[in-house]
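Q: coords below, sequence missing:
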C-alpha cells in the first residue's frame, strides 16, 4: 500500500460495532464520503453484527449468520481496511496515530471512536469463576449456549431488558432459570410497578423463578459456579451465572488520550469530542449529560457524524423521546417517556384488564402526552411516541387517548389507520433502525421497490424486530400506488375472490353447493381446480353441518381413502389411541394385523400412537376390519382435522402432576375427534409446568397448575416453530372443554383453508382471539355449541364404514372381463 | 396400429370426477381409466411424468388431473403436463360399447405379426 500517492484523507474507526459501522454506512451514502480512505479496528474477531439480536440467537430464533450486518465482501467492495480481533490500545493525538494490540500503528486525519460499552461488574466475590459470564457479545452467547448443552440451572442477575431476554433465551434452551433483581419490580426504569408486576406474573407462568429485592452477595463455587448467595440468606443453586445488571461506556482509551470524559466521552451536538479531529458515537459517548443504551439515538448520532465528516457543518444531534420494547416472544411491552406523574399538575390515565392481561398508562402534562407504558397490547406504541415527539396537543382526545389510536380517532373525526399523506416525512417508522417515513417513501419511489423484502434490503426498515412491518407494508401500498400493491390473495387462479368474501357469501347468500359458489363469483373454470375444490368443500361443510354432503371427489387422496399415501403408493394406517393410552388387547390386535398383512414397518409416532407403514391399498378395508374388532378406530392421521391429543401421566402417577392430565386429554379427544378443520390440529395436556407433553408448541395446549388450567393456543412445532400464546387460565375441566370447543369452532369458521392456527393467530392477533373467547362469554358458549352441533354429524368411524364395504371402488383395481 | 381391446366393465364402476386403476398393466406399467364430470373417459399410463405418482389418486377437474404427490397437473386428453411443468405419460385408446368401457392395448410388432 502506498499511502503517499493516495490523495484521500485517512479516517480511522475504533470499534467495529453497530454505531461505528452505521456511521461508515451513512458516510458512504454521501458523495463526499469518497474522499476518505477508511480503516476499521474491531476488538472482537467478527465482522459487524447486530448486537441487539443476540438475544434472538440465544433463544434460537436466529443464527449468528442471520445477525451479520456487513459481510467481509462489503468491507472489500467499499475499500475499507478491516482489522478484527485487534483492539486499539493507544491514541497519539500529537502524531495523529492509533496503535493496536498487535503493534500496528496507523495514522489518521480524522478519528472516530465507537468503543461502545462494557458490562457493569460489581465487586462480588466469585465473578472470576468458570460458568460466570456477561451478556454482551457473541463470545458470551457461545458460553451460555455451551453451558445450556451440558448444564441444567442458570441464574441471571439483573431484571432489566437484557437480563430478561437472557433469562428467556436460556429458558428456551431448556435450562431451569432463576432471575435475581435488586429492585422490587422488573424493568423499573422502563415500566411502572403495575406493568412490571404483570410482566413478572407472565414470565413466572412461563417457568422463570424470580428473586426480587435480591442483593447478590457472592457467587459460590470452587471449580466453577455452583450457586448465588443473596444478602438476605437466600441461596440459589446454579451451573451458569449471567451478569446483566447494566452497561458502562468504554472510555479508558479516550481518557488516556486526554479527551474530556465524564460518564462517557463528552461530545458536542456535531459529535465531535473536545479534539476537533476526533469524533465519537454510540454507547461510549455522553451528550449534554446523557448516555445512551438503546439503538435509536445511535442511528441519529451516526447520521449526524457522517454528515459532519462529509462536510455538512450544520448537522446536529438532539436526543429525542425514546421507546423500549422487549424481545420475548408473546410478551408485548412498550414504554416511552415518563413512567408516572411527576407532580400534582400531571395527569395519569390508566386502563387495566386483568383477564386479558392488558395494562395501559399514559401521562399527560399541559395538554401534551409525555409518557406511555403499554403491556399486552402495544400496537399503538409508535403512535403514542410520535404524539410525544410532535408535542401534539392531545387535550381534545383526553378521554379517549388511553383506549388507543383507532378509538381516539374514531371519536374525534380524525382518519382511521395511519394517514400517510398527513404524516410528516421525519415521522419515525422503524424504531430499531431509525428509518423515517421520508426515507422509506424515497427509496420506494427512487428504486422502484415493490415488495417488503426489497424495502427491508434497501432501507433496513422493519429488518430488526419486525414490529413496524405493518406500517412499512402500508407505506409500500401508499408510495408504490395501485400497480405495485401486493396482489390480492385469492382463493385460487379460478377466481378473483378471496377466502373471507367467499366464506361470507356462503352464509349470507345461503350458497349450499360448490356450483352455486362458483356461479355466484363467476369462476373461470366451471369445475374449479385442485386448489379451490378442497377449500370450497371444507367451507360448505363448515357452514352447513348436517346439510351439505361431503364431496369425496374434491378431497385429497388421503382424506378420500382415510389413510396416508406414501411415496411408493402404499399407505400408512394409524389407529386412535385416546390421549396416548392403549391396552394389551389393542397392542395384540395391532401386532396380529401387522403379521397377517405383512406390514413392513411399525413405528411409534410423535403423537403417542402407532403407525403401520407400507400397507397395500387393496388390504386397507381388511386391515381396518381387524383393527375395528379390537375397538380401534381411525386416528385421522391423514385429515385436516383433529390429529392427536398428547398427554403426560399427570396426577394419577407423577409426583409432580397437579391435575389428571391424561384423563383430561382423553375427554378432549373424545369431544374433538372426527372434526374437519382448515388444517390439521394437534392438542396436548401437560400435568404441570414441566410440560412433558410439549403443550406449548401445539395448536391448543393445556398446562395444568395447582390453581387450574392454563390454556395456550397457536403453537407449532413444524418448519417455523412458534410458541403458543397464553389464552386464559380456567378453574375446571368443563371450562377447558368449553374454551377448546369454542377455539376450534372460531378457527373452523374464520381461518383460511390450509392455514394452521399459528399463522392464523399471527394474522388476526391473539388479542382478537381473546376478545372472542375470553371477554365474550356468551359468544364463547355459542361457538362451543356450534362446534358440538357440527360434531354430532361427523363422529362416525370412517374405517368401520369402509370395512363394511362403503366406497369399495376406492380400494380394488378394475379387472378385465373378456377380450372385446 | 394393431390393438387388443380389453373390456373393463360398466362405466358406472368408475366414479364421476375420478379414476380406477386396472388389474392389468401395459408393458409392466400400471393403467388408470379416468371419468370426467362430463362423462368423458380417458386411459393413461398411471404414472406422473414427474416422479411416477399415481395419477388415478388425483383430483379430476374438467379434462385434467392433479397428481397427489407434488401437484403436477396433466391434460387427460393428450397426457401432457400443463406449463410450466414439462413431460407426459402415454395415453391409450378407449371406446364405450353398450355402456361398457374398452381399453385398447397396442400390440408389439412381433405380437402383431
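A: The structure has been received and is ready for your questions. Owing to the predicted nature of the structure, the values given are computational and were not obtained by experimental measurement.

Q: what does the domain assignment say about chain A?
A: A:9-118+A:249-309, A:132-245, A:420-486, A:499-555, A:558-634, A:642-794 (automatic domain parsing).

Q: need those domains in JSON lines with distance to residue B:85 and mean neighbour count, can you?
A: Where you see a C-beta, it was placed from the backbone N, CA and C, and this is true even at glycine. Compiled in JSON lines, these are given as follows (distance: least, C-beta to C-beta, whole Å; neighbours: other C-beta atoms under 10 Å in any protein chain shown):
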{"stretch": "domain A:9-118+A:249-309", "distance to residue B:85": "33", "mean neighbour count": "19"}
{"stretch": "domain A:132-245", "distance to residue B:85": "41", "mean neighbour count": "20"}
{"stretch": "domain A:420-486", "distance to residue B:85": "26", "mean neighbour count": "18"}
{"stretch": "domain A:499-555", "distance to residue B:85": "14", "mean neighbour count": "18"}
{"stretch": "domain A:558-634", "distance to residue B:85": "18", "mean neighbour count": "18"}
{"stretch": "domain A:642-794", "distance to residue B:85": "21", "mean neighbour count": "20"}
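
Q: for these, which one sits closest to residue B:84?
A: Across these, residue B:84 has its closest neighbour in domain A:499-555 (15.5 Å, C-beta to C-beta).

Q: Rounded mean pLDDT for the closest one, please.
A: In this model, domain A:499-555 carries a mean pLDDT of 93.

Q: Residue A:704 and residue A:773, how far apart?
A: Counting by C-beta to C-beta, to the nearest Å, the separation of residue A:704 from residue A:773 is 19 Å.

Q: for residue A:816, what are its contacts?
A: Contacts of residue A:816 were listed using C-beta atoms under 8 Å, 6 or more residues apart in numbering or on different chains, and they are B:6-8, B:22-24.

Q: And residue A:73, by the same measure?
A: Applying C-beta under 8 Å, 6+ apart to residue A:73 gives no contacts.

Q: For it, what is the enclosing helix or strand?
A: helix A:72-77 (DSSP states H and E).

Q: Now the weakest link among the domains of chain A, please, by mean pLDDT.
A: domain A:420-486 (a mean of 77).

Q: for residue A:309, phi and psi?
A: Backbone geometry at residue A:309, expressed as degrees, to the nearest 10, gives phi -60, psi -30.

Q: backbone phi and psi for the nearest residue to it once chain neighbours are set aside, please?
A: Nearest residue to residue A:309 in three dimensions, chain neighbours excluded: residue A:27, at 5.4 Å (C-beta to C-beta, 6 or more residues apart in numbering or on different chains). In terms of degrees, to the nearest 10, the main-chain angles of residue A:27 are phi -60, psi -40.

Q: ok, so what distance separates residue A:27 from residue A:279?
A: Noted for residue A:27: a distance of 11 Å to residue A:279, by C-beta to C-beta.

Q: for residue A:738, same thing?
A: The spacing between residue A:738 and residue A:279, counted by C-beta to C-beta, is 63 Å.

Q: Likewise for residue A:117?
A: Here the distance between residue A:117 and residue A:279 works out to 17 Å (C-beta to C-beta).

Q: so what does the helix or strand hosting residue A:383 touch, helix or strand wise?
A: Under the assignment given by DSSP H and E, the secondary-structure element containing residue A:383 is helix A:381-390. Judged by 3 or more C-beta pairs under 8 Å, 6 or more residues apart in numbering or on different chains; DSSP states H and E, the packing partners of helix A:381-390 are strand A:323-325, strand A:333-337, strand A:368-375, strand A:428-430.

Q: what angle separates that helix from strand A:368-375?
A: Regarding helix A:381-390 and strand A:368-375, their directions subtend 160 degrees when assessed with axes from the mean of the first three to the mean of the last three C-alpha atoms, to 10 degrees.

Q: quick one: helix A:381-390 to strand A:333-337, angle?
A: Using the same axes, to 10 degrees, the interaxial angle of helix A:381-390 with respect to strand A:333-337 works out to 0 degrees.

Q: ok, and for helix A:381-390, which residues are buried?
A: Of the residues in helix A:381-390, those buried by neighbour count under the rule 16 or more other C-beta atoms under 10 Å in any protein chain shown are A:381-389.

Q: and of these, the nearest to residue A:724?
A: residue A:381 (23.4 Å).

Q: for the nearest residue to the closest one once chain neighbours are set aside, which residues make a bridge with it?
A: The shortest distance from residue A:381 to any residue that is not its chain neighbour, by C-beta to C-beta, 6+ apart, is 3.6 Å, and that residue is residue A:334. According to DSSP bridges, the residues that bridge with residue A:334 are residue A:325, residue A:374.

Q: For residue 65, grab phi and psi.
A: I'll assume chain A. phi -60, psi -30.

Q: was after chain B, sorry
A: In terms of degrees, to the nearest 10, the main-chain angles of residue B:65 are phi -130, psi 140.
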